[in-house]
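Visitor: I'd like to go over a predicted model; first the sequence, then the structure.
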Amino acid sequence: MLNKISSNSIKELRNKTGAGMTDCKKALQASNGNVETAIESLRKKGLASADKKASRLAAEGLVESYIHSGSRIGVLLEINCETDFVSRQPAFRELAKNIAMQIAASQSVKYVALSDIPDNLITYEKNIELGKEDLIDKKDEMKEKIAQGRLDKRLKELSLMDQIFIRDSQITVEELIKQHISLWGENIKIRRFEKFLLGEGINSKPKSFVEEVSTMVSS
């Protein structure tokens with residue numbers, strides 16, 4: 001079987017996945033030369049170790065931009081990986097573009113992950129929930145339980161990693177990142193982003209871009 005796996009097939013699989021030459025060769029041998037099956041095999045093989053890779057230093061990567069049609073909303077995103085080999089892959093740039101588009105479509109998102117939300121904001125949001133009229137007459141234990149549930153939902157609205165991926169409603173952005181960690185065998189981090197809305201802060205009413213971006217994504 002070894003002689004039936006061409007170097008071009010191994011190179012193609014390496015370019016698509018970023019996996020090592022040996023792993024690519026073994027995956028192709030196991031899949032009888034089927035590249036797509038080999039990609040799935042490599043993804044499954046690395047999925048279990050994705051969380052372990054999350055602590056590794058990711059200092060390469062790129063800065064991606066996304067300007068929505070009409071030039072009324074823009075996003076700048078820094079996404080990191082471990083090697084420049086992966087950062088140069090077209091699939092890595094596509095991932096960055098998709099995440100930038102996700103940010104544009106997610107109006108409430110302000111932080112990369114739940115762990116980035118400041119404690120003072122969490123306290124502020126919880127106090128708002130505890131002070132709502134429909135909880136006034138409830139017992140303290142029930143009030144706390146309901147307020148916490150609402151708070152958890154609100155915080156997830158602010159977290160990019162907790163958003164449902166706009167191109168696949170079956171996964172979150174966090175799961176999307178983990179899929180690519182397992183695919184390439186490298187840690188991938190969304191480090192930071194900035195969103196710009198035309199006229200924001202000039203006492204103008206911001207428009208909703210969610211439906212507009214989602215329509216463009218599905219077309």
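Guide: Cool, got the structure.

Visitor: going forward, measure contacts between C-alpha atoms and count neighbours the same way
Guide: OK.

Visitor: need the contact list for the spatially most central residue of the chain.
Guide: With distances taken as C-alpha atoms, centre = their mean, the residue of the chain nearest its centroid is residue 173 (3.3 Å). Counting by C-alpha atoms under 8 Å, 6 or more residues apart in numbering, residue 173 touches 99, 160-165.

Visitor: rerun that using 7 Å as the cut-off
Guide: 160-165 (C-alpha atoms under 7 Å, 6 or more residues apart in numbering).

Visitor: got the domain ranges for the chain?
Guide: 1-47, 51-112+159-218, 118-157 (automatic domain parsing).

Visitor: hang on, the earlier thing: measure the residue nearest to the centre of the chain to residue 86 for me?
Guide: Per C-alpha to C-alpha, to the nearest Å, residue 173 is found 19 Å from residue 86.

Visitor: do residue 112 as well
Guide: 21 Å.

Visitor: so these two - more neighbours on which side?
Guide: residue 86 (24 against 20; other C-alpha atoms under 10 Å).

Visitor: pLDDT score assigned to that one?
Guide: Note on residue 86: pLDDT of 90.

Visitor: just residue 149 next, same as before
Guide: Looking at residue 149, its pLDDT reads 91.

Visitor: what helix or strand is it located in?
Guide: helix 140-158 (DSSP states H and E).

Visitor: the residue nearest to residue 113 when sequence neighbours are not counted: neighbour count?
Guide: The shortest distance from residue 113 to any non-neighbouring residue, by C-alpha to C-alpha, 6 or more residues apart in numbering, is to residue 159 (4.8 Å). If you count neighbours by other C-alpha under 10 Å, residue 159 ends up with 21.

Visitor: okay, now residue 70: neighbour count?
Guide: Residue 70 has 6 nearby residues by other C-alpha under 10 Å.

Visitor: picking up where we left off before, from the contacts of residue 173, which is closest to residue 145?
Guide: residue 162 (21.3 Å; C-alpha to C-alpha).

Visitor: neighbours around that closest one, how many?
Guide: Close neighbours of residue 162, defined as other C-alpha under 10 Å, add up to 19.

Visitor: just residue 199 next, same as before
Guide: 13.

Visitor: cool, and residue 119?
Guide: Neighbourhood size, residue 119 [other C-alpha under 10 Å]: 10.

Visitor: ok, which stretches of this protein are helices?
Guide: Using DSSP state H, the helices of the chain run over 7-17, 21-30, 35-47, 50-53, 84-87, 90-105, 119-130, 140-158, 173-184, 210-218.

Visitor: low pLDDT regions in the chain?
Guide: Applying pLDDT under 70 to the chain flags the ranges 1-3, 17-20, 44-57, 203-219.
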